[in-house]
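The following block contains a protein sequence and its predicted model.
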Amino acid sequence: MQPAYKGRTKYHNKAAIYIVCVLMAVLALVIAVNSTSLSAKKAEYQAQYDALQEELESETARTEELEEYEKYTQTMKYYEEVAREKLGMVYEDEIIFKDND
């Protein structure tokens, strides 16, 4: 007994294989395009991350410097320095020499 669709079977199989191959090629192309797009975005984000890391390190160092300066401003040495430079104060037994220019 022979199937009623025997003559069309080979044609349908070839057409189905062709359609599947075309769809696979299109899918591969879409994946390749998206992959390159994602790679470019990844590089951009990595550059942003590196810049932000550098800025974070810079700000952390600045914070440490400010904390050290805050500690320094609480010392007697700082008070003496400000009194000498900005207010022109001296100790009672201190001798000041000035240029005659």
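Received it, and whenever you're ready, just let me know what you need. Residues are numbered from 1 along each chain as shown.

contacts and neighbour counts: CA atoms only from here.
Fine.

Kindly list the main-chain dihedrals of residue 76?
For residue 76, the backbone dihedrals are phi -70, psi -30 (criterion: degrees, to the nearest 10).

Local confidence estimate at it?
According to the prediction, residue 76 has pLDDT 93.

Which secondary structure element is home to residue 57?
helix 6-72 (DSSP states H and E).

hmm, who's touching the helix or strand following that helix?
Sequence order places helix 76-85 as the next helix or strand after helix 6-72, per DSSP H and E. Surrounding helix 76-85, the residues in contact under the criterion Cα atoms under 8 Å, 6 or more residues apart in numbering are 72, 73, 89, 90.

could you redo the last one with a cut-off of 7 Å?
Taking Cα atoms under 7 Å, 6 or more residues apart in numbering as the criterion, the residues outside helix 76-85 that touch it are 72, 89, 90.

Run the chain-centre distance for it.
When C-alpha coordinates are averaged (Cα atoms, centre = their mean, to the nearest Å), helix 76-85 and its chain have centres 42 Å apart.

With only the CA atoms kept, save that helix in PDB.
Taking only C-alpha atoms (Å, rounded to 0.1, in the frame of the first residue of the first chain), the coordinates of helix 76-85 have been written out as PDB:
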ATOM      1  CA  MET A  76      48.300  73.900  69.500                       C
ATOM      2  CA  LYS A  77      50.800  74.000  66.700                       C
ATOM      3  CA  TYR A  78      48.000  75.100  64.300                       C
ATOM      4  CA  TYR A  79      46.800  77.800  66.800                       C
ATOM      5  CA  GLU A  80      50.300  79.200  67.100                       C
ATOM      6  CA  GLU A  81      50.800  79.200  63.300                       C
ATOM      7  CA  VAL A  82      47.500  81.100  62.700                       C
ATOM      8  CA  ALA A  83      48.300  83.600  65.500                       C
ATOM      9  CA  ARG A  84      51.800  84.300  64.000                       C
ATOM     10  CA  GLU A  85      50.800  84.400  60.300                       C
END
